[in-house]
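1. just a sequence and a predicted model for now, questions to come.
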Amino acid sequence: MNILRLVVADKEKKSRSQNPEFQKIEEAAAACKNKAKTVAHFDEDELRNRLTPFEYFVTQEKGTER
């Protein structure tokens, strides 16, 4: 039973690797894993533009969510 699963998994892997769409998805997933520790830093003005006043208050001024 385990051998059959391995054969099927191998066939699926080969069929995915030949499909260019799956290759793009796998490359994107690999890139995301490598950048998992990337932290974005924004200055105060940029954050005020990106966030609503309530979001800014909660995230930056340590306000309590309601």
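-> Yes, it's here.

2. quick one: Glu55 from Asn2, how far?
-> Counting by Cβ to Cβ, to the nearest Å, the gap from Glu55 to Asn2 is 50 Å. The way it works is simple: take the backbone N, C-alpha and C, and place the C-beta from them, glycine included.

3. neighbour count for the two, which is higher?
-> Under the criterion of other Cβ atoms under 10 Å, the comparison of Glu55 against Asn2 puts Glu55 first, with 14 against 6.

4. which strands or helices does the helix or strand that contains the more buried one pack on?
-> Counting by DSSP states H and E, the element that carries Glu55 is helix 53-60. In terms of contact count using 3 or more Cβ pairs under 8 Å, 6 or more residues apart in numbering; DSSP states H and E, helix 53-60 is assigned the packing partners helix 44-50.

5. can I get the helix it packs on in CSV, CA atoms only?
-> These are the backbone C-alpha positions of helix 44-50, laid out as CSV (Å, rounded to 0.1, in the frame of the first residue of the first chain):
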residue,chain,number,x,y,z
GLU,A,44,4.7,57.7,11.0
ASP,A,45,3.3,59.7,8.0
GLU,A,46,3.2,56.6,5.8
LEU,A,47,1.4,54.6,8.4
ARG,A,48,-1.2,57.4,8.9
ASN,A,49,-1.8,57.3,5.1
ARG,A,50,-2.1,53.5,5.0
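
6. which elements pack onto it?
-> Judged by 3+ Cβ pairs under 8 Å, 6+ apart, the packing partners of helix 44-50 are helix 53-60.

7. what mean pLDDT does the helix it packs on get?
-> In this model, helix 53-60 carries a mean pLDDT of 87.

8. and if you look at stretch 26-33?
-> pLDDT averaged over stretch 26-33 equals 71, rounded to a whole number.

9. hang on, the earlier thing: what comes up buried for the helix holding Glu55?
-> By neighbour count with 16 or more other Cβ atoms under 10 Å, helix 53-60 contains the buried residues Tyr56.

10. list of residues touching it?
-> 44, 47-48, 51, 63-65 (Cβ atoms under 8 Å, 6 or more residues apart in numbering).
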